[in-house]
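**Q** take this sequence and fold it.
(chains A and B)
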Amino acid sequence: DAGVTQSPTHLIKTRGQQVTLRCSPKSGHDTVSWYQQALGQGPQFIFQYYEEEERQRGNFPDRFSGHQFPNYSSELNVNALLLGDSALYLCASSSGTGVQDTQYFGPGTRLTVL
Amino acid sequence: AQSVTQLDSHVSVSEGTPVLLRCNYSSSYSPSLFWYVQHPNKGLQLLLKYTSAATLVKGINGFEAEFKKSETSFHLTKPSAHMSDAAEYFCVVSDLGGYNKLIFGAGTRLAVHP
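**A** Coordinates of the predicted model:
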């Protein structure tokens, strides 16, 4: 049973460009959350998708947007990239949105903005 | 609002000696608390979780944590450190405001010396 997968593993972009990151949840999971982990810091919640809708959003600008597909996979899009967007982007999946539902994390996508 | 504070940014132990990673939480309600571990260039792995059942929670790889409401603490311990335990550890609280948004501490880097 595959766990959470993310692609690509690494990505290098320049300021002003746009990027799309992809996530496939663990089998049987219907909820996907995205987190940004800057170097030396703990992950910060970006947003969560359930039933193809953004259910909850953290303190991130509108440049960060997402999508969830009928098969529960998800994309994270970032427009007008800034140097400060350089980070590890983590996707997590769970089988619900309750506080006791364990979130399982993928290996992340390392984004470098030059 | 919920939050967690990890009291040590770095902890160094010798192989075979006990490990103690300290975490205090802030929550108006009975929280759901987690410890995750992150090995270099790897995703986050759940070590254990507390969800208001037993106050002493046993996790994987010999780790355990005790929920102490009077002290608002959720410290992670292991009787005997192994070289493979060297990693970054995150104390995490689930946001009771809705939908299982995870709030991470800043992390504690554990070094294990021979």
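
**Q** distance from stretch A:4-18 to the middle of the chain?
**A** Its chain's C-alpha centre and that of stretch A:4-18 lie 11 Å apart, by CA atoms, centre = their mean, to the nearest Å.

**Q** now stretch A:101-114
**A** Remark: stretch A:101-114 is offset 6 Å from the chain centroid, using CA atoms, centre = their mean.

**Q** before we move on, what about stretch B:11-23?
**A** 12 Å.

**Q** again, but for stretch A:95-112
**A** Put simply, stretch A:95-112 sits 8 Å off its chain's centre (CA atoms, centre = their mean).

**Q** tell me if stretch B:10-21 is near chain A.
**A** No. Looking at stretch B:10-21 against chain A by CB under 8 Å from any CB of the partner chain, there are no contacts, and the closest approach is 11.4 Å. (Each C-beta comes from the backbone N, C-alpha and C, glycine too.)

**Q** for that stretch, what is the average pLDDT?
**A** Per-residue confidence for stretch B:10-21 averages out to 98 on the pLDDT scale.

**Q** which residue is nearest the centroid of chain B?
**A** Ranked by distance to the mean C-alpha position of chain B (CA atoms, centre = their mean), the top residue is residue B:35 at 3.4 Å.

**Q** quick one: pLDDT of residue A:100?
**A** 69.

**Q** wait, residue B:13 touches residue B:114, no?
**A** No. With contact defined as CB atoms under 8 Å, residue B:13 does not reach residue B:114; the gap is 11.1 Å.

**Q** ok, those two, which is more surrounded?
**A** With neighbours defined as other CB atoms under 10 Å in any protein chain shown, residue B:13 and residue B:114 compare such that residue B:13 has more, 18 against 6.

**Q** assumed the more buried one was part of a strand.
**A** Yes. Counting by DSSP: H, G, I helix; E, B strand; the rest coil, residue B:13 is part of a strand.

**Q** for residue A:92, name its beta-bridge partners.
**A** Beta-bridge partners of residue A:92, counted by DSSP bridges, are residue A:33, residue A:105.

**Q** repeat that for residue B:21.
**A** Where residue B:21 sits in a bridge, its partners, by DSSP bridges, are residue B:76.

**Q** can you report how many residues neighbour it?
**A** By other CB under 10 Å, the burial measure for residue B:21, its neighbour count, is 24.

**Q** tell me who's in contact with it.
**A** For residue B:21, the set of contacting residues under the criterion of CB atoms under 8 Å, 6 or more residues apart in numbering or on different chains consists of B:6, B:8, B:11, B:35, B:75, B:76, B:77, B:89, B:91, B:108, B:110.

**Q** and it, how far from residue B:73?
**A** Taking CB to CB, to the nearest Å as the measure, residue B:21 falls 11 Å from residue B:73.

**Q** surely residue B:20 is in contact with residue B:79?
**A** No. Judged on CB under 8 Å, residue B:20 makes no contact with residue B:79 at a distance of 10.6 Å.

**Q** assign residue A:55 to helix, strand or coil.
**A** Relying on three-state DSSP, one would call residue A:55 strand.

**Q** what's near enough to touch it?
**A** Remark: with contacts taken as CB under 8 Å, 6+ apart, residue A:55 is in contact with A:31, A:47, A:48, A:49, A:97, B:99.

**Q** same check on residue A:2?
**A** Residue A:2 is in contact with A:24, A:26, A:27, counting by CB under 8 Å, 6+ apart.

**Q** Throw these into a markdown table and include pLDDT and neighbour count, thanks.
**A** Compiled in a markdown table, these are given as follows (pLDDT from 0 to 100; neighbours: other CB atoms under 10 Å in any protein chain shown):
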| residue | pLDDT | neighbour count |
| --- | --- | --- |
| A:24 | 97 | 21 |
| A:26 | 94 | 20 |
| A:27 | 92 | 12 |
